[in-house]
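got a structure for you, letters missing:
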């Protein structure tokens, strides 16, 4: 008797997403614009919805699946960085699947598709999206919140990727923020230390963009650098910021006492 995959969560809805190209499983996760998401209830009743991405950024796919609370992703041609980010968020990735979307879905539910349950050794660099994706996402985020953002030349300004400037709502003087989109090196601790060193005097705030692993959280706290996790960050994060602060910043802003009451 064929053994089915375990796809129930003790009475809770399970969400299964398939990366689509037409009626087939998309051959490359990094280029997919459309996902079909099935909600499987405790009585095995299924509802299907379709989500279309309005951006080509690889990071947008990961954020969409996480925000949609997808439990299983069925796909093909997914890179190691994307897979590890999804798995660390609790999403099971079933990869190297080809053929029709319907066959993939029911093949998985019937246990015909083998699922690799082996826990991989995750290197620090593998947990981080590509730097180009991070720079694009960060630039769009700050611009959407009213900041003026410019890119820096890597050869001249490493490890600063972006400089964001906005007028202080209290004193009208400019607030300058240096941003490092991590993943330049495998030695994250060294990168944070270098970032702290080169930004110590000139900037009012420093932001490091990286997956919020515990030791990175501690390292940024020690150097008074704000850590922003692009995978977990949502609009609600911005809304939690104090009215006297400048979203998405939540840290104390140097030389601007009016922004740091108390």
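That came through fine. This is a predicted model, so every value here is computed, not measured.

quick one: the residue positioned nearest the centre of the chain from residue 23, how far?
Among the residues of the chain, the one closest to the centroid is residue 231, at 2.2 Å (C-alpha atoms, centre = their mean). Between residue 231 and residue 23 the computed distance is 30 Å (C-beta to C-beta, to the nearest Å). (C-beta placed from N, C-alpha, C; glycine too.)

check residue 149 too.
Per C-beta to C-beta, residue 149 is found 40 Å from residue 23.

those two: who's more crowded?
Neighbour count, other C-beta atoms under 10 Å: between residue 149 and residue 23, residue 149 has more, with 18 against 10.

what pairs with the strand or helix carrying that one, parallel or antiparallel?
According to DSSP states H and E, residue 149 maps onto strand 148-151. Strand pairing for strand 148-151, using DSSP bridges, gives strand 162-167 (antiparallel).

just the buried residues of the strand it pairs with, please?
By 16 or more other C-beta atoms under 10 Å, the buried positions in strand 162-167 come out as 162-164, 166.

tell me the spacing between the residue nearest to the centre of the chain and residue 33.
Relative to residue 33, residue 231 is positioned 20 Å away (C-beta to C-beta).

so what's residue 195 up against?
Neighbouring residues of residue 195 by C-beta atoms under 8 Å, 6 or more residues apart in numbering: 159-160, 178, 180, 206, 208, 223, 225.

repeat for residue 104
18, 25, 74, 97, 113.

looking at these, state which has the most neighbours.
residue 18 (27 neighbours).

does it sit in a helix, a strand or a coil?
strand (DSSP: H, G, I helix; E, B strand; the rest coil).

mind starting the numbering at 804 from now?
Sounds good: first residue 804 from here, last item residue 821.

for the closest residue to it other than its chain neighbours, what are its contacts?
Spatial nearest neighbour of residue 821, chain neighbours left out: residue 877 (4.6 Å); criterion: C-beta to C-beta, 6 or more residues apart in numbering. Neighbouring residues of residue 877 by C-beta under 8 Å, 6+ apart: 819-822, 828, 897, 900, 907-908, 911, 916.

the same query, at a cut-off of 6 Å, please.
821, 897, 900, 907, 911 (C-beta atoms under 6 Å, 6 or more residues apart in numbering).

which SSE is the fourth one in?
In this assignment (DSSP H and E), residue 907 forms part of helix 904-912.

in that helix, what's buried?
Buried residues in helix 904-912, counted by 16+ other C-beta under 10 Å: 904, 907-908, 910-912.
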